[in-house]
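In: predicted model and sequence follow; I will ask about them next.
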Amino acid sequence: MLKGEIRVPGDKSISHRSIMLGSIAEGKTEIKNFLVSEDTLATMECFRKMGVHIDTRKDNVVVEGVGKSGLKNPEKILYCGNSGTTMRLTSGILVGQDFPSILVGDSSLNSRPMKRIISPLRQMNGNIKGVEDEYPPLEIYPSEKLKGIHYKMPIDSAQVKSAILLASIYAHGQTCIEEKGFSRDHTERMLKCFGADICKTDKLTCIKDNAKLKGQNLFIPGDISSAAFFIVGALTLKGSDILIRDVGINESRIGILEALKEMGGDIEIQNKRIVNYEPIGDIRVRYSKLKGININGSRIITLIDEIPVLAVAAALAEGTTTIRDAEELKYKESNRLNAMAVELNKMGAKVEELEDGLVIEGVSFLKPATLNSHNDHRIAMALNIAALNADGKSHIQRGECVKISFPGFFDELYKLLI
Ligand SMILES: O=C(O)C1=C[C@@H](OP(=O)(O)O)[C@@H](O)[C@H](O)C1
Ligand SMILES: C=C(OP(=O)(O)O)C(=O)O
């Protein structure tokens, strides 16, 4: 069972954005509880290569902002590692620069789709190319002045929305983005915090051109996507009772809590407050008997990264859980629909893979197995929670990839395990 109190490291999405906005703001940005992980360090290195001085002491980071025209030609290729957020969001900033740049990723990132940012950035006059107009490396060249656009998002994606918002800082004229769903809005909140004139009404976000950004003191809330592994662990392991302190509970991210509550999960949010326009709270979770539910439509984007661990909860729930409209999971660090179906079935679960989701029939127990993380951090952590629920020792191959988003995952898990 899991018992006790922990904190999870800072939110990955917000940590990336704090380096990006801190770099192009005027003056110093001091960041507390920054997520030190491979993905966020990739963002930090990219901005260091563009001449930004960034000082780190554990999870305290100080960024000496160079102002929006102060970035320098990196001369070398910008390496984004495994991080889609680094590549897509940084491209939004790079299309506004007067120097050329090339962004490349690891083998996983180099096979992820980029047309989704190339198209809108080109509409803004950005000079950006990819292999077959789709894959990295991305080449970005100086262009004539960027222009603001009104963009109707064809898919729900915070990375695409954020790339456009960051480019808008360099554009002439207002930019408006119309979304179908409610993708995470950390870029909007942080832009507001740094002084941009940005407003949101329901599904429409508009930002005035020529945003002037001023360095800030930031506290990064704990990452709800990291907390989700312990939440599902506590719900499924008999006798568990845990408290996770200082977690980000932004409305666009709490789909996982709502889904697990609907499944019968005993989850309580305490001590709610707002820091830097971001809501934070403590999450209390107790072991619960779960039942299957249907999840689809606009709910998917609010729990997009939590679907692997949600599949673990569903595999142990009573009845059937059907997840649809989640095709985007095929284009993450691995094909997450396929990875979870294949790996959970090795443990005796009953998971059917669909084109856009999973059908999971709950079983009363999972059996130990040799499992593969598919070199995907979310799959590795989800399978660890599944393995704790099995009677016997499982082996998870390539489990070290947790360092992409949560290097201390095993330490925190052992703190809670009794
Ligand atoms: O904007 C972000 O920080 C993120 C947005 C999501 O991706 P999409 O925009 O592709 O949905 C999410 O899966 C990713 O982990 C982080
Ligand atoms: C999809 C993820 O990140 P990214 O797109 O930044 O690689 C993730 O962390 O689950």
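Out: Perfect, I can see it now. All of these numbers come straight from a predicted model, not from anything done at the bench. Numbers count the residues shown, from 1 in each chain. Ligands and ions are numbered 1, 2, ... in the order given.
In: where does residue 105 fall, phi/psi-wise?
Out: Per-residue torsions, residue 105: phi -130, psi -170 (degrees, to the nearest 10).
In: er, residue 170 I mean
Out: phi -100, psi 10.
In: now swap in residue 204 and tell me
Out: The phi and psi values for residue 204, taken as degrees, to the nearest 10, are phi -110, psi 130.
In: that one: neighbour count?
Out: Counted with other CB atoms under 10 Å, residues neighbouring residue 204 total 13. Glycine gets a C-beta too; all of them are placed from N, C-alpha and C.
In: same thing with residue 342?
Out: 16.
In: would the strand or helix carrying it count as contacting ligand 2?
Out: Following DSSP states H and E, one finds residue 342 within helix 336-346. No. Figure legend: helix 336-346 not in contact with ligand 2 (CB under 6 Å from any ligand atom); closest approach 8.3 Å.
In: mean confidence score for the helix or strand just after that helix?
Out: Downstream of helix 336-346, the first helix or strand assigned by DSSP H and E is strand 350-354. Average pLDDT, strand 350-354: 98.
In: let me know how buried residue 262 is, in neighbour terms.
Out: 14.
In: quote the end-to-end distance of stretch 120-138.
Out: Stretch 120-138 has an end-to-end distance of 15 Å (criterion: CA to CA, to the nearest Å).
In: who's in contact with the helix holding residue 342?
Out: Around helix 336-346, the neighbours that count as contacts under CB atoms under 8 Å, 6 or more residues apart in numbering are 307-308, 311-312, 315, 326, 329-330, 351-354, 357-358, 360, 366, 369-372, 374, 376, 378-379, 382-383, 386.
In: quick check on those residues: which are buried?
Out: 307-308, 311-312, 315, 326, 329, 351, 357-358, 360, 366, 369, 371-372, 374, 376, 378-379, 382-383, 386 (16 or more other CB atoms under 10 Å).
In: so which of these also contact ligand 2?
Out: With CB under 6 Å from any ligand atom as the criterion, the buried ones among the contacts of helix 336-346 include residue 378 near ligand 2.
In: so which of the buried ones among the contacts of helix 336-346 sit within helices?
Out: Using DSSP state H, the subset of the buried ones among the contacts of helix 336-346 located in helices is 307, 308, 311, 312, 315, 378, 379, 382, 383, 386.
In: circling back to that earlier point, buried set for the helix holding residue 342?
Out: Buried residues in helix 336-346, counted by 16+ other CB under 10 Å: 336, 337, 339, 340, 341, 342, 343, 344, 346.
In: so is it next to ligand 1?
Out: No. Contact of helix 336-346 with ligand 1 (CB under 6 Å from any ligand atom) is absent, the minimum separation being 9.8 Å.
In: for ligand 2, see how far away residue 90 is.
Out: Residue 90 is 11 Å from ligand 2, where distance means CB to the nearest ligand atom, to the nearest Å.
In: what kind of secondary structure is the nearest residue to that residue once chain neighbours are set aside in?
Out: The shortest distance from residue 90 to any non-neighbouring residue, by CB to CB, 6 or more residues apart in numbering, is to residue 46 (5.7 Å). Following DSSP: H, G, I helix; E, B strand; the rest coil, we place residue 46 in the helix state.
In: equivalent analysis for the one 10 residues further on, please.
Out: When states are read from three-state DSSP, the local structure at residue 56 comes out as strand.
In: got the contact list for it?
Out: 34, 36, 44, 62.
In: show me the beta-bridge partners of it.
Out: On the basis of DSSP bridges, residue 56 is bridged to residue 61.
In: now it: how far from residue 208?
Out: Note on residue 56: its distance to residue 208, by CB to CB, to the nearest Å, is 33 Å.
In: excluding residues flanking it in the chain, which one is nearest the residue in the chain that ligand 2 sits nearest to?
Out: Residue of the chain nearest ligand 2, by CB to the nearest ligand atom: residue 84 (2.7 Å). In space, and not counting its chain neighbours, residue 84 is closest to residue 112: 5.7 Å by CB to CB, 6+ apart.
In: looks like residue 328 contacts residue 155 (just checking).
Out: Yes. With contact defined as CB atoms under 8 Å, residue 328 reaches residue 155; the gap is 7.0 Å.
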